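Chemist: Structure of the sequence below:
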Amino acid sequence: MCGICGIIDQSKSLPLEARKELVIAMNKRLVHRGPDAEGIYSDKKFTIAMRRLSIVDTEGGNQPIFNETKDICIVFNGEIYNFEELRNRLIENGHTLKTSTDTEVLVHLYEDYGTDMLLMLKGMFAFCICDIKKGIYFIARDRFGEKPLYYHYKNRIFSFSSEVKSILENKNIERKLNHEALPYYLRTSLVPDPMTLFQNIHGLNAGQFILISDSGLEINSYFKPDFSVKNKFKTQEEAIECIEPLLEKSVQRQTIGDVPIGAFLSGGIDSSSIVALLQRQSSEPIKTFNVKFEDQAYDESRIAKKVAQYYGTDHHEIFVPNLDFDEDIFWNIIDHIGLPFRDSSAIPTHLISKEISKYTKVALSGDGGDEVFGGYDLYQWYQKILRVRKVGRPILQLANTFVSAAQSLPITDQLSIIRKLKRGLDTSLMHLEDIPIALNEMFSGNQIQKLLNHSRYSSEYPLLKKYPEGSQHWSDLRMIMYYRLKNTLASNMLIKVDRMSMANSLEVRAPFLDPDLFDASLRLPDEMLLNNGQGKYILRKIMAKFLPREVFDHPKTGFNIPLYKYQNENFKRLAVSLLFEDNPWPDFFPQKELEKIYHLGMNTKKDTAKHSVFQSAHHLWMIMQLLGWAKRFNVQT
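Modeler: Residues are numbered from 1 along each chain as shown. Purely as a prediction, here's the structure:
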């Protein structure tokens, strides 16, 4: 596991020493991703570098790594879980490998198979292969976006890195707000690749690769999820017979390495399943970790303890009291993500990663379970909305009028059901392609118009509405699952896990995102995903014999924190500073809108007919993150 960076200068306008010096500076910004070693290599047109967290072949795996003839080299971030199988194939093909690393395997795979090598890889990765002889540069990212890759391309100079702040070491790159991306952030709290909130800094999409040659830059996709698979499982027994061994194999694959492996254990089905399968494969008690906030909507820590006791794991619980906000963690999130980040669960992810890193360099997580097996409540809401639409638009409009009026009545002011009903009716009246966006909404379209009173902003969100050819034949459930897989998973969940874990020099692996397991999940009919209002139906059936009953009998909560109870004096002081006293964009947002966001964010402590505690607190957090990012990186509008 590493951090990688580099500059490919086809213009030859950067002197070699200046380019090398710049890449050295870029690489220093990645030291937390790889504190064990570093490497750098320069040629006439490129300089590449890396920081290494030593996990596989800890003594012999330093990078860059070359082929036998020294005309192809690579810097690589990630893990290839099937590399031993691929290594044996390469040896049979006549290759000589000097190390036992997955990195060297990639170099020789490229020699034999070119870009088709990507289809052979089972793992998480971002890499840059430099074919010196042919003058070709091959940059790729894994199927789901577990490992990051950002880039800047201008005047035939291509800069890339695992983190945005590393790219910004080049002072010639403008630090300007991407006005096209800002409405995405405000509406759904995420900005889908290839856009970022930095103008002209891009994120390579999951499942894509870049080829740079004398002809220029070309971007291609090698992985496109297709939910129209015809070979569906006919019975529950057939599905379990296929998927259970694949699930066990995915966990077994991801135990590769020369260091001990721990596991996140929230108490939910996903992390509990991974812990159960991991412990069953281990002769020693594995280390498991949980974060418990003093006041959560539902405390899953007792379920985590139950699972830990059931399997005899070495369990560690981190307790976080209310009003324990420390400004340092706010800036840590911005520094390591390099962009504003709404999801406040980055806080417990940071805390638990910091604790795990005291014991090991690697941990398994349950990320991806909801996307693969249909677990989110949002999936059920999407289907409910579609059913409501069948009532007919005139009736829905009439009902919406009555509910809107009810929101202003004193008698209903404290009834949060009125607000939920209003949001549901508003959503049901939207165009079909806008419904997934609305269900993931943070600021409403009306709120964004008030915040961004500029004609340059559009209310359209083409990247979030982008579905592949043939998707019109998918089921409703698969449509919303695709949305979450391509947007929320890649642009939120995996960013949070990668950046917060790597900030603490910890590698996190996600067995649910194993390619073989994912391919098999495509064969699941809807009723084996969501059955009688119960998500992850087939996973529940598979794991019933492995886990205590309590794991399945409590509501899903996610890795959330009670943000509104985290607002101590330090929080308030920071909010006032960023929004009012030391606002880096003092004339950008209307003052009265900032005052409204601050007031609701700090004072809404109970759901009402007009405001939810969660959204009010997170609206404030989002604006704080945005302005904090602008201040930290000196971003100009």
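
Chemist: and F209, bridged to which residues?
Modeler: Beta-bridge partners recorded for F209 (DSSP bridges): A140, N220.

Chemist: For it, give me the pLDDT.
Modeler: F209 carries a pLDDT score of 98 in this model.

Chemist: Now do the contacts for it.
Modeler: By C-beta atoms under 8 Å, 6 or more residues apart in numbering, the residues touching F209 are 115, 118, 138-141, 219-220, 222. All C-beta atoms are positioned from the backbone trio N, CA, C, and that covers glycine.

Chemist: What ranges does the stretch 301-450 of the chain have for its helices?
Modeler: 301-311, 327-337, 346-356, 369-373, 377-389, 393-406, 416-428, 435-439, 445-451 (DSSP state H, counting those that start in this stretch).

Chemist: What is the host helix or strand of Y110 packed up against?
Modeler: Assigned by DSSP states H and E, Y110 belongs to helix 102-113. If you count contacts as 3 or more C-beta pairs under 8 Å, 6 or more residues apart in numbering; DSSP states H and E, helix 102-113 packs onto strand 65-66, strand 72-80, helix 83-92, strand 123-131.

Chemist: so which of the helices of the stretch 301-450 of the chain comes closest to G257?
Modeler: helix 346-356 (14.6 Å; C-beta to C-beta).

Chemist: In TSV: the helices and strands packed on helix 102-113, plus mean neighbour count, mean pLDDT and distance to K496.
Modeler: TSV is the format used below for those (neighbours: other C-beta atoms under 10 Å; pLDDT from 0 to 100; distance: least, C-beta to C-beta, whole Å):
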stretch	mean neighbour count	mean pLDDT	distance to K496
strand 65-66	21	94	30
strand 72-80	26	95	17
helix 83-92	16	95	27
strand 123-131	24	97	15
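
Chemist: okay if I get these as CSV plus distance to Y564?
Modeler: Shown next, in CSV, are these (distance: least, C-beta to C-beta, whole Å):
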stretch, distance to Y564
strand 65-66, 49
strand 72-80, 37
helix 83-92, 46
strand 123-131, 34
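
Chemist: Ok, which of the ones you listed comes nearest G366?
Modeler: strand 123-131 (15.1 Å).

Chemist: what about this protein, any weak spots by pLDDT?
Modeler: Residue ranges of the chain with pLDDT under 70: 1, 54-61, 296-299, 411-414, 455, 555-560.

Chemist: Regarding the spatially most central residue of it, what is its secondary structure?
Modeler: For the chain, the residue nearest the mean C-alpha position is L494 (2.0 Å; C-alpha atoms, centre = their mean). Here L494 is recorded as helix under DSSP: H, G, I helix; E, B strand; the rest coil.

Chemist: Show me which residues of the helix holding Y110 are buried.
Modeler: Neighbour-count burial for helix 102-113, counted by 16 or more other C-beta atoms under 10 Å, picks out 102-111.

Chemist: repeat for stretch 35-52
Modeler: Buried residues in stretch 35-52, counted by 16+ other C-beta under 10 Å: 36, 38-42, 45-52.

Chemist: Dump those to a markdown table, plus distance to K610 and secondary structure.
Modeler: Below are the buried residues of stretch 35-52 laid out as a markdown table (distance: C-beta to C-beta, whole Å; DSSP: H, G, I helix; E, B strand; the rest coil):
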| residue | distance to K610 | secondary structure |
| --- | --- | --- |
| D36 | 53 | coil |
| E38 | 54 | strand |
| G39 | 56 | strand |
| I40 | 56 | strand |
| Y41 | 59 | strand |
| S42 | 60 | strand |
| K45 | 59 | coil |
| F46 | 56 | strand |
| T47 | 55 | strand |
| I48 | 54 | strand |
| A49 | 52 | strand |
| M50 | 51 | strand |
| R51 | 49 | strand |
| R52 | 52 | strand |
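
Chemist: out of the residues you listed, which one sits closest to V362?
Modeler: D36 (13.2 Å).

Chemist: Now for N231, how many residues are close by?
Modeler: N231: 7 surrounding residues under other C-beta atoms under 10 Å.

Chemist: Sorry, slip of the keys, the one I care about is N400.
Modeler: N400: 17 surrounding residues under other C-beta under 10 Å.

Chemist: Does it touch L425 like I think?
Modeler: Yes: between N400 and L425 there is a contact at 4.2 Å, judged by C-beta atoms under 8 Å.

Chemist: With adjacent residues omitted, what lies nearest to S521?
Modeler: V372 (4.8 Å; C-beta to C-beta, 6 or more residues apart in numbering).

Chemist: Do I have it right that that neighbour meets F518?
Modeler: Yes: using C-beta under 8 Å as the test, V372 is close enough to F518 to be in contact (5.8 Å).

Chemist: Looking at the two, which is more packed in?
Modeler: Using other C-beta under 10 Å as the criterion, V372 and F518 rank with V372 on top: 27 against 20.

Chemist: quick one: the more buried one and Y483, what's the gap?
Modeler: 14 Å (C-beta to C-beta, to the nearest Å).

Chemist: Name all residues that make contact with A520.
Modeler: Residues near A520 by C-beta under 8 Å, 6+ apart: 242-243, 246.

Chemist: Which single helix of the chain contains the most residues?
Modeler: Of all segments of type helix in the chain, defined using DSSP state H, the longest is helix 613-632.

Chemist: what's the angle from that one to helix 416-428?
Modeler: Relative orientation of helix 613-632 and helix 416-428, computed by axes from the mean of the first three to the mean of the last three C-alpha atoms, to 10 degrees: 70 degrees.

Chemist: got the CA positions of helix 613-632 in PDB?
Modeler: Taking Å, rounded to 0.1, in the frame of the first residue of the first chain, the C-alpha atoms of helix 613-632 are listed here in PDB:
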ATOM      1  CA  VAL A 613     -31.700  17.700  13.200                       C
ATOM      2  CA  PHE A 614     -29.500  15.700  10.900                       C
ATOM      3  CA  GLN A 615     -29.800  18.000   7.900                       C
ATOM      4  CA  SER A 616     -29.600  21.200   9.900                       C
ATOM      5  CA  ALA A 617     -26.400  20.100  11.600                       C
ATOM      6  CA  HIS A 618     -24.900  18.800   8.400                       C
ATOM      7  CA  HIS A 619     -25.800  21.900   6.400                       C
ATOM      8  CA  LEU A 620     -23.700  23.900   8.800                       C
ATOM      9  CA  TRP A 621     -20.900  21.200   8.600                       C
ATOM     10  CA  MET A 622     -20.900  21.300   4.800                       C
ATOM     11  CA  ILE A 623     -20.500  25.100   4.700                       C
ATOM     12  CA  MET A 624     -17.800  24.900   7.300                       C
ATOM     13  CA  GLN A 625     -16.000  22.300   5.300                       C
ATOM     14  CA  LEU A 626     -16.300  24.300   2.100                       C
ATOM     15  CA  LEU A 627     -15.000  27.500   3.600                       C
ATOM     16  CA  GLY A 628     -12.400  25.700   5.700                       C
ATOM     17  CA  TRP A 629     -11.100  24.000   2.500                       C
ATOM     18  CA  ALA A 630     -11.000  27.400   0.700                       C
ATOM     19  CA  LYS A 631      -9.100  28.900   3.600                       C
ATOM     20  CA  ARG A 632      -6.700  26.000   4.000                       C
END
